[in-house]
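**Student:** Give me coordinates for this.
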Amino acid sequence: MLGSVMGRLKKYSPRLSDSQIRRARAAEVAAYRLFVGGNMPRLAALLRCEKLYGIQHYGPHYVRHFAPLRKKKLNILEIGIGGYENPRFGGSSLRTWRAYFKNANVYAIDLADGSMHEQRGIKTFRGDQGDVGFLNDVADRIGPLDIVIDDGSHLCRHIILGFKTLFPRLAADGLYVVEDTQTSYWGGFGGDTQNLNNPNTTMGYFKGLADGINYAEYELGAYSPTDFDRTITGIHFYRSILFVQKGDNTAPSNIFGKRW
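**Tutor:** Take a look at the predicted model:
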């Protein structure tokens with residue numbers, strides 16, 4: 001019967017070297033991919049990825065959007081690794097993605113050194129998600145991005161900057177995920193509860209992009225669609241998480257035809 005290695009790693013970690021922990025994690029991921037790889041909730045539980053089955057309960061939303069992509073060859077970038085109280089822990093979502101997606105390479109960025117989480121198919125970069133140059137350098141080194149998951153600082157300004165920088169780097173049918181969007185309402189994270197349409201907050205910004213999906217229907221004599229207008233085909237809002245689908249949104253209106 002499969003049981004999580006992580007519990008034993010936590011118990012015996014003072015006795016284990018970093019390389020031993022990395023090898024144990026790699027073996028765990030390989031075993032779980034083989035036996036339960038298509039079952040994201042089970043993987044999340046075994047790998048202690050609490051955001052998929054715990055109080056946040058993002059699991060059903062990830063299954064809905066990720067299941068059709070499971071067998072595709074993908075480059076996945078996650079912003080934020082976790083485990084700050086002890087760098088030997090954290091990284092559970094990276095291992096979950098690596099086990100779930102059969103043909104994916106998983107990458108992650110964080111302010112802290114994430115090399116403890118590296119294994120075949122998982123690579124980390126150390127840097128500031130608020131640094132456009134760093135984000136572009138990482139994207140250059142990875143190549144085409146298929147999925148980006150922002151689970152980083154949760155500061156509104158970082159979320160918006162990351163999206164503006166990395167969404168254009170997504171593949172034509174890529175998917176961009178922002179977790180913990182509740183910080184959009186918290187002043188300490190740059191949020192705002194008084195003006196729910198504040199464009200400097202996470203939710204205000206993405207709600208503003210939602211209208212652009214329908215730009216072809218605007219009753220305007222002239223309009224210049226933005227790159228986001230032309231390439232966002234859907235924004236899915238759920239409690240504390242959102243998914244942005246990239247695609248071709250240049251089809252003309254069925255009423256007005258092509259006007260711009």
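**Student:** Stretch 65-74: which residues count as buried?
**Tutor:** By neighbour count with 16 or more other Cβ atoms under 10 Å, stretch 65-74 contains the buried residues 66, 69, 70, 74. Placement of C-beta: from N, CA and C, glycine included.
**Student:** What is the distance between it and the centre of its chain?
**Tutor:** On the basis of Cα atoms, centre = their mean, to the nearest Å, stretch 65-74 sits 14 Å off its chain's mean C-alpha point.
**Student:** which residues are in contact with stretch 151-159?
**Tutor:** For stretch 151-159, contacts defined as Cβ atoms under 8 Å, 6 or more residues apart in numbering pick out 51, 78-80, 82, 93, 109-110, 129-130, 150, 162, 178-180, 183-184, 189-191, 200-202, 205.
**Student:** mind running it again at 7 Å?
**Tutor:** Outside stretch 151-159, the residues that touch it by Cβ atoms under 7 Å, 6 or more residues apart in numbering are 78-80, 129-130, 150, 178-180, 183-184, 189-191, 200-202.
**Student:** Take the buried residues of stretch 65-74 and lay them out in CSV including distance to residue 212 and secondary structure.
**Tutor:** Below are the buried residues of stretch 65-74 laid out as CSV (distance: Cβ to Cβ, whole Å; DSSP: H, G, I helix; E, B strand; the rest coil):
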residue, distance to residue 212, secondary structure
66, 25, helix
69, 24, helix
70, 30, coil
74, 26, strand
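**Student:** What is the nearest of those to residue 99?
**Tutor:** Of all those, residue 99 sits closest to residue 70, with 10.8 Å by Cβ to Cβ.
**Student:** Neighbours of the residue lying closest to the closest one once chain neighbours are set aside, how many?
**Tutor:** What sits nearest to residue 70 in space, not counting adjacent residues and going by Cβ to Cβ, 6 or more residues apart in numbering, is residue 101, at 5.9 Å. The tally of other residues near residue 101 (other Cβ atoms under 10 Å) stands at 23.
**Student:** can you check residue 155 too?
**Tutor:** By the measure other Cβ under 10 Å, the count of residues near residue 155 is 18.
**Student:** Tell me which other helices or strands the top helix by length along the chain touches.
**Tutor:** Taking DSSP state H as the criterion, the chain has its longest helix at helix 18-36. If you count contacts as 3 or more Cβ pairs under 7 Å, 6 or more residues apart in numbering; DSSP states H and E, helix 18-36 packs onto helix 5-12, helix 40-46, helix 92-100.
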